[in-house]
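> Please find the sequence and the predicted model below.
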Protein chains: 2
Amino acid sequence: MPSEQKRAPIIILDHPQMGENIGAAARAMLNCGLTDLRLVAPRDGWPNERADAMSSGALGKMPPVQVFDTLAGAIADCHYVYATTARLRDMVKPVFTPDGAARDIAERQTTDQQTALLFGAERSGLSNDDVALSHAIINIPLNPAFSSLNLGQAVLLVCYAYQNIIDDTADRTLPTGDSVPASHDDLLHMMDRLEAQLDHKGFFRSPDMKPSIVRNLRNTLSRAEMTKQEIRTFHGVISVLSGNKDGADDA
Amino acid sequence: MPSEQKRAPIIILDHPQMGENIGAAARAMLNCGLTDLRLVAPRDGWPNERADAMSSGALGKMPPVQVFDTLAGAIADCHYVYATTARLRDMVKPVFTPDGAARDIAERQTTDQQTALLFGAERSGLSNDDVALSHAIINIPLNPAFSSLNLGQAVLLVCYAYQNIIDDTADRTLPTGDSVPASHDDLLHMMDRLEAQLDHKGFFRSPDMKPSIVRNLRNTLSRAEMTKQEIRTFHGVISVLSGNKDGADDA
């Protein structure tokens, strides 16, 4: 049975060398709402002052980092482990993009599986034995001529893919703040008024061309997705430019 | 008419302070295949040794960085500018996620529009006037309790969203290396042999249960998506465990 709380992926850094990179990884994790960090045999021990400084406070806001002697120990309670690696190995193992892995994690959460995202040491990456202990590979598709990422950046991209899958922010929104979107009636009334003023001022020299010019104006203004407040401002602009009265009265 | 080559987005850093961050941004850009970098009034001038060092060679592989006095100058030849900002302003302006912006850029490429991705100074970000000069906002949805990214990380996430949209790597693949996927016939033959050996050894104690146990074994083994080579290895395993002969002969 799935628990009520989804199990978020654990981040595991295998033999990390520089504290700065552990700190950057922690910061990237917390940016993406992830808080379970495990270290396998960190070169400079743990805790690490440089990691604290580089995490921008993230390590202080997360549960204590867990330290293990071996990768096998670090993944013992995990159900599915993704090894992030820049090199594709000669192993028959599923290879995910970060997005693909994120969707796979979300699917495993429906059966309450504990997943883990594994990252290798800065210079050498993961050994083939480490990769063989994992269920799948994550390979980040980058510019093949310049694909080297530092550890913190790799953790950021993989964690963000997960955050992006669980986040429900719309791809595009148009927040209207204190105003509200103009109704079609608001827009039509303003366009009618603009066209009447333009007619009055002799803008439409050729009667033949008037319909298409009007359509163009309407297409332009409807594309702007105006708010009620912006419609009022445009009424003022029409009034002032046409010399009828000052904009403030009309707006 | 669209040109044959798609116009990739330009990255613009407005009033960047630290050379290290310019270098990290350049590295992140080139990781994602982007090479047009513009700087507006960099605090420490240009070129900058710290930027070169931090770019891990990226700056040397890109066209020369262009430097401008004003943002208006830097965006003069652009058709659509996305301002990346952590704070939502009280402005009525489309707000994209990085993915949404990437799709929007790809759409604008079909009409040969030059797009630009704008990033503010490290401490202060973009001014409201800078944002007003832009067509849209990019807001990266992160953990609201810990959303602060450094400049290089913000550039990486936004550039990677673009790289991710134009990249056609499958979400999940199973590379089989020197072998090829086993055919259904290969798998069925191996399962038939396994079941026959199990029957011979008395594994199926209850005839009633045999069909469901066989189904379970078949489900397990078919889920493994074995290669021809792996099927051969399993034939060897069956032979050796059943004591018929040594595995090498059979594999």
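The structure has been received and is ready for your questions. Numbers count the residues shown, from 1 in each chain, chains lettered A, B, ... in the order given.

> where along the stretch 101-250 of chain A do the strands fall?
Remark: strands assigned in the stretch 101-250 of chain A by DSSP state E, counting those that start in this stretch are A:115-119, A:136-138, A:172-173.

> mind checking which of those is nearest chain B?
Chain B lies closest to strand A:172-173 among the strands of the stretch 101-250 of chain A, at 4.7 Å (CB to the nearest CB). Placement of C-beta: from N, CA and C, glycine included.

> Report whether that closest one contacts chain B.
Yes. Strand A:172-173 comes into contact with chain B (CB under 8 Å from any CB of the partner chain), by way of A:172, A:173.

> who does that strand touch, helix- and strand-wise?
If you count contacts as 3 or more CB pairs under 8 Å, 6 or more residues apart in numbering or on different chains; DSSP states H and E, strand A:172-173 packs onto strand B:95-96.

> what's the strand it packs on in contact with?
A:171, A:172, A:173, A:174, A:175, B:82, B:88, B:104, B:136, B:137, B:138, B:139 (CB atoms under 8 Å, 6 or more residues apart in numbering or on different chains).

> and if we set it to 7 Å?
For strand B:95-96, contacts defined as CB atoms under 7 Å, 6 or more residues apart in numbering or on different chains pick out A:171, A:172, A:173, A:175, B:82, B:88, B:104, B:136, B:137, B:138, B:139.

> what do you get for stretch A:85-93?
A:95, A:120, A:125-126, A:128, A:131-132, A:136-137, A:139, A:147, B:174-177, B:227.

> Go again with 6 Å.
For stretch A:85-93, the surrounding residues in contact (CB atoms under 6 Å, 6 or more residues apart in numbering or on different chains) are A:125, A:126, A:131, A:137, B:176, B:177, B:227.

> and of those residues, the nearest to residue A:236?
Proximity of the contacts of stretch A:85-93 to residue A:236 (CB to CB) peaks at residue A:137, which lies at 61.2 Å.

> Quick check: nearest residue in space to that closest one, chain neighbours excluded?
residue A:95 (4.7 Å; CB to CB, 6 or more residues apart in numbering or on different chains).

> The one you found bridge partners, please.
residue A:137, residue B:173 (DSSP bridges).

> Let's see the pLDDT reported for it.
Listed pLDDT for residue A:95 reads 96.

> do the same with the one 10 residues further on
The predicted local distance difference test score for residue A:105 is 98.

> thinking again about what came up before, run a quick neighbour tally on the residue nearest to residue A:137.
Counted with other CB atoms under 10 Å in any protein chain shown, the neighbours of residue A:95 add up to 22.

> Would you check how far apart it and residue A:32 are?
Residue A:95 sits 22 Å away from residue A:32, going by CB to CB, to the nearest Å.

> Likewise for residue A:62?
12 Å.

> Next: residue A:144.
26 Å.

> Are any of the contacts of strand B:95-96 buried, and if so which?
B:82, B:104, B:136, B:137, B:138, B:139 (16 or more other CB atoms under 10 Å in any protein chain shown).

> Spatially nearest residue to residue A:100 (excluding sequence neighbours)?
residue B:171 (3.1 Å).

> which bits of the stretch 101-250 of chain A sit near chain B?
The stretch 101-250 of chain A has residues A:141-143, A:146, A:153, A:156-157, A:160, A:167, A:169, A:171-174, A:176-177, A:227 near chain B, with proximity defined as CB under 6 Å from any CB of the partner chain.
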